[in-house]
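Here is my input, please return the structure:
(one chain, ligands or ions: 1)
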Amino acid sequence: MGRVLLLSLDGACREALSLMLPRMPALRKLIEKHGLHGLRSTVPPTTAPAWASIQTGMNPGKHGIIDFLSYSRADGRTSLVNSLAIRGRSMWEAITASGMRVITVNVPLSYPPARDRRRVTVGCMLSPKVSPDMVYPAEIYPVLRRNSYTILPGFIGRGIAVGLERFVDECIRVEESRFAVAEELMEAYDWDVAAVHNQCLDALQHCFYHLLLGGTEEEREELGRFYAAADRLIERLIRRAGRVSMLAVFSDHGFTLAERYINLNLWLKRRGYLKEKNSGLAYRLALLLRRMDVLRLRNLLLSRLFRNSLPFVKLRTELSLSRIDTHRSRAFIPVGATFGCIYLGGGSEAGLRERLKRELEGITDPASGRRVIARVYLREEVYRGEHAPGLPELVAEPAEGYAFGPQLLGEGRFIRAARHGTELSGAHAMQGVLVMNTKLIASEPELLDIAPSVLAALNLQVPEWMEGRVLQAR
Ligand SMILES: [Zn+2]
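Okay, the predicted model is just below:
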């Protein structure tokens, strides 16, 4: 029985790859041979729910995760999710229970690492810092030290603060050290499944997606250095792995250009659905921080304060949430910025969901008359399972060219142009990509299908709690 090699590129999409494939000979060769498929992400298409679905083969209604932050309806509080927050079992557990061995490096939601003697784990960006805490078994920590392992170059907007050239250098260095660690572990330990996640692609595309699509030749050349490096790393691991029964190169979500930002909480407030509390000092400070966009000062400051974006996102979310009177509000967005995850208040009337869906889908941009929301999903359309009742009643997907901004209520217009060059220009989208070393028998693959496909490639039974399909012919 062969092995399985999973190589993920955070946020890789058809559009970016079509521009960068000339610089990616290894991936190009694979695509020429086996084809490039779309891979539908979770709703919302965010790394946390996406990877919970990849690991479990279940939808968010069963694993309970829709963002890096979870919102509790019971006490109105938010908390950062981690590996322990995933409800149900993962494919890794199913694999090691059969006696097989797994190596994962930087797989999102793998921190804290499982203490399973058949697993070698280097945890993910949920780890506050590089420490023995983020690995299992502890004996592999020197491998990280020796390779100067870094989780991320820094805060998500760091690219904007330090500039394209320097950020590309930093991203290449981080991924080179990550893949060097993976290679050493794959050499030193027996394995049946190995998974390595390239994280920097996401940060690079968030900061510079406008340059990828519309930059000068020199700017694209700069960006191209990262894609070329990512390709060399993929090629090295494929060579290291040798014969495998399943190879998948894939992404957890796609990307799109954010031309205009929508502040949906502000819209909900103006329509009378969301009720605000009185302004506190902390909130006014946060608004001030938001206005400090001049000279990239904000990103520079934030990248000094936060090496990792998640504590900042949590702080920003809590400041925003502290402004929302969740008892009196009929609808509000407490967490998440990729899609609008709308929770209804306790006293909301019958028919509110349907009315909100209709109104949201009818919002037009005052500047162009274009509709700004592609569609609104009702909870039962996208979430099935025992944890669905805790998830939002409505989820709004932005139309092409639009993205939801941070949720601080703020003032002014609820739709505005994105300031490319001083704020993020790339946003997540539903369609990721999948390249597999075999012909697919299932059409329109989804993230849920990865886990059953891995088990099938290992000749293991697909447990009945997994909802996805086996993608390849057996
Ligand atoms: Zn992202």
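
So, low pLDDT: which residues of the stretch 51-200 of the chain?
Nowhere does the stretch 51-200 of the chain drop to pLDDT under 70.

Can you show me the helices along the stretch 201-350 of the chain?
Counting by DSSP state H, counting those that start in this stretch, the stretch 201-350 of the chain has helices at residues 217-241, 264-270, 281-291, 297-305, 309-321.

Select, out of those, the one closest to Val43.
Proximity to Val43 (Cβ to Cβ) singles out helix 264-270 among the helices of the stretch 201-350 of the chain, at 15.4 Å. C-beta coordinates here come from the backbone N, C-alpha and C atoms, glycine included.

And the closest one, what does it pack against?
Under the contact definition 3 or more Cβ pairs under 8 Å, 6 or more residues apart in numbering; DSSP states H and E, helix 264-270 sits against strand 331-332, strand 340-344.

sorry, back to before: so which of the helices of the stretch 201-350 of the chain is the most surrounded?
Neighbour counts (mean count of other Cβ atoms under 10 Å) averaged over each of those peak at helix 264-270, with a mean of 22.

Looking at it now, give me its mean pLDDT.
Taken as a whole, helix 264-270 carries a mean pLDDT of 93.

what distance separates that helix from the middle of the whole chain?
25 Å (Cα atoms, centre = their mean, to the nearest Å).

what's the answer for stretch 260-273, then?
The mean C-alpha position of stretch 260-273 is separated from the chain mean by 24 Å, Cα atoms, centre = their mean.

cool, and stretch 234-246?
25 Å.

Provide the contact partners of it at residue level.
Stretch 234-246 has contacts (Cβ atoms under 8 Å, 6 or more residues apart in numbering) with 1-5, 7, 25-27, 179, 182-183, 186-187, 194, 196, 247, 249, 436-438, 453-454, 457-458, 472.

Mind checking which of those residues are buried?
The neighbour-count criterion (16 or more other Cβ atoms under 10 Å) marks 3-5, 7, 26-27, 179, 182-183, 186, 194, 196, 247, 249, 436-438, 453-454, 457-458, 472 among those as buried.

ok, back up a step: so which of the helices of the stretch 201-350 of the chain gets nearest Gly345?
helix 264-270 (10.8 Å).

before we move on, the earlier item: of the helices and strands packed on helix 264-270, which stretch is the most buried?
By mean count of other Cβ under 10 Å, the helices and strands packed on helix 264-270 have strand 331-332 as the most buried, with a mean of 26.

Tell me the strands beside that strand, with direction?
Sheet neighbours of strand 331-332, with direction, are listed as strand 340-344 (antiparallel) (DSSP bridges).

ok, then the element right after the strand it pairs with?
Per DSSP states H and E, the first helix or strand lying C-terminal to strand 340-344 is helix 352-361.

relative to strand 340-344, how tilted is that next one?
150 degrees (axes from the mean of the first three to the mean of the last three Cα atoms, to 10 degrees).

who's in contact with helix 352-361?
With Cβ under 8 Å, 6+ apart as the criterion, helix 352-361 contacts 271, 273, 330-331, 340, 342, 344, 371, 373, 375-376, 378, 393-394, 396.

Which helix or which strand is home to the nearest residue to Arg474 once chain neighbours are set aside?
Of all residues not flanking Arg474 in the chain, Ala456 sits nearest, at 5.9 Å (Cβ to Cβ, 6 or more residues apart in numbering). Ala456 is part of helix 450-457 when elements are defined by DSSP H and E.

For that helix, name the packing helices and strands.
strand 3-9, helix 47-56, helix 91-97, strand 244-250.

Same list as before, those that is, but in CSV and with distance to Gly123 included.
Below are these laid out as CSV (distance: least, Cβ to Cβ, whole Å):
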stretch, distance to Gly123
strand 3-9, 15
helix 47-56, 12
helix 91-97, 13
strand 244-250, 21
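
which of those sits most buried?
Most buried of those by mean neighbour count (mean count of other Cβ under 10 Å) is helix 47-56; its value is a mean of 28.

for it, the distance to its chain's centre please.
The answer for helix 47-56 is 9 Å, by Cα atoms, centre = their mean.
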